[in-house]
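*Asks:* Following is a predicted model, sequence given first.
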Amino acid sequence: MKKLLLSLTVVALSVATMYAQGRVNFNNFASAGVTVGTPNQGSAGGAGTAGAFIGANYSVQLLWAPQGSYATEAAFVAAVVGSSGAFPFFGTTGGTPGTDGAGLFDGGTVPNPVGTSMPAGNYTMMARAWYNNGSFATYDAAKAGNKNVGFATFNIAATASPTPINTTAVPAFTVTASVPEPSTFALLGLGAGALVLIRRRK
């Protein structure tokens, strides 16, 4: 009977550990801030000058995937197992963190509420930001609209209670106008070539 109770206790602890809900603090207070690169279409697309800290016109989101090495953004996104909501940056676009908090964000504890989709463990995470301004609710929408987007990836352990929550040390990254994929450039080149041939035949 004692052996049976011991076995059941071990199984129960294993299950509890397996399903222990992980969480991290999602902010960049310990980071160098997030800067805007060359704005797209002037203030309409970038809402800031090159090198300026971004503000409330921008949103940020956290995604996570099993810890590993991902060669491209697309490879990481394909492996994503969870994501947070979108959060605004503080301050005024073009300001500095020392004066108005621009370039800083605080997404609170992720997942929120705790325990929705992140078992405790090691993850590769991506903080991605985009020009929102009430017109682009998601990163993908801003990217498709050729507005300013950017991201940074990093590794972190999501902890379960009673272990203290890990704070994400988000690397500083640049948010710039999205660049078309090489395949897009190839299609544009083919289109231009076809126009030249048509004109020559005429």
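*Replies:* Here it is on my side, so go on.
*Asks:* what about the spatially closest residue to Ala157 that is not a sequence neighbour, how many residues close to it?
*Replies:* Leaving aside its sequence neighbours, Ala157 sits nearest to Asn122 (C-beta to C-beta, 6 or more residues apart in numbering; 5.1 Å). Using the backbone N, CA and C atoms, a C-beta is placed for each residue, glycine as well. Using other C-beta atoms under 10 Å, the number of residues around Asn122 comes to 12.
*Asks:* ok so Asn122 is a helix residue?
*Replies:* No. If the criterion is DSSP: H, G, I helix; E, B strand; the rest coil, then Asn122 is strand and not within a helix.
*Asks:* Let me see the contact set for it.
*Replies:* 67, 155-158 (C-beta atoms under 8 Å, 6 or more residues apart in numbering).
*Asks:* Would you list the buried entries among those?
*Replies:* Among those, those buried by neighbour count (16 or more other C-beta atoms under 10 Å) are 156, 158.
*Asks:* Assess the claim that Thr93 and Ala56 are in contact.
*Replies:* Yes. Under the criterion of C-beta atoms under 8 Å, Thr93 makes contact with Ala56 at 7.2 Å.
*Asks:* out of those two, which sits in the busier spot?
*Replies:* Thr93 (24 against 18).
*Asks:* For Gln61, see how far away that one is.
*Replies:* Between Thr93 and Gln61 the distance is 18 Å, computed by C-beta to C-beta, to the nearest Å.
*Asks:* try Tyr123
*Replies:* 15 Å.
*Asks:* element containing the closest residue to Phe26 other than its chain neighbours?
*Replies:* Excluding the flanking residues, the one nearest Phe26 by C-beta to C-beta, 6+ apart is Gly107, at 3.5 Å. Per DSSP states H and E, Gly107 falls inside strand 106-110.
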